[in-house]
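Q: sequence plus the predicted model coming up.
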Amino acid sequence: MSKKIVFIPFIAFMILAGVFATQLVRNSQGDDPTKLESVLIGREVPEFRLEDLAQPGKLYSQDIFKGEPLLLNVWATWCPTCYAEHQYLNELASQGVKIIGLNYKDERDKAVGWLTNLGNPYLISLFDGNGMLGLDLGVYGAPETFLIGADGVVRYRHVGDVNARNWADKLGPMYAELLEEAKQ
């Protein structure tokens, strides 16, 4: 009986090792563990009416996503990764990349101070204090960035920070395609 008990931890270890090995093999075959599919891909940004972050009372709707390709960046002051990506977003904006910010489940005063102190890469900053637009977008947390075509249709969802590497590898080329598509 005691010999059987000795094998239980070994069997549990082998099962756990098998699960980890399966994940490693899957990731080495090109699956991106940070990629979260969105049901919005190929669909228009959900309807909303939100206030401007810095100008309470000034309302915006989903119409702001029509006319030209852009990024929708979901961010918050409570998010350390948002802080890490912010400087790069400022660089992208200075290069002409159009970005709309969605301040998500945050305190308005802190968010306005953040943009004042760290620079504002956003053409428009939406205030989603209760997180309802974030919920409609399927946001799990911040930061998340959506590539949106000139037709207001969500084309891609990126979970995590936008940085030089993922911009060069994936997001930048996709944004360039959307710009070309908008010219036609």
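A: That came in fine, so what should we check first?

Q: all contacts plus neighbour counts: C-alpha atoms, from now on.
A: Will do.

Q: would you mind measuring from the residue sitting nearest the centre point of the chain to residue 54?
A: In the chain, the centroid-proximal residue (Cα atoms, centre = their mean) is residue 144; its distance is 1.2 Å. Taking Cα to Cα, to the nearest Å as the measure, residue 144 falls 21 Å from residue 54.

Q: likewise for residue 62?
A: 18 Å.

Q: what about those two, which has more around it?
A: Neighbour count, other Cα atoms under 10 Å: between residue 62 and residue 54, residue 54 has more, with 17 against 14.

Q: right, and that one touches residue 110 too?
A: No. Checked against Cα atoms under 8 Å, the pair residue 54 and residue 110 is beyond contact range at 10.8 Å.

Q: now the end-to-end length of stretch 146-166.
A: 13 Å.

Q: which other residues reach that stretch?
A: Contacting residues not belonging to stretch 146-166 are listed as 34-38, 40-45, 62-63, 65-73, 81-82, 84-85, 88-89, 142-145, 171-172, 174-175, 178, 182 [Cα atoms under 8 Å, 6 or more residues apart in numbering].

Q: ditto for stretch 99-107
A: Counting by Cα under 8 Å, 6+ apart, 53, 70-78, 93, 111, 121-131, 134, 142 sit against stretch 99-107.

Q: what does the helix or strand residue 117 falls within rub up against?
A: Using DSSP states H and E, residue 117 sits within helix 108-118. Taking contacts as Cα under 8 Å, 6+ apart, the residues outside helix 108-118 that touch it are 53, 54, 76, 77, 86, 87, 103, 127, 129.
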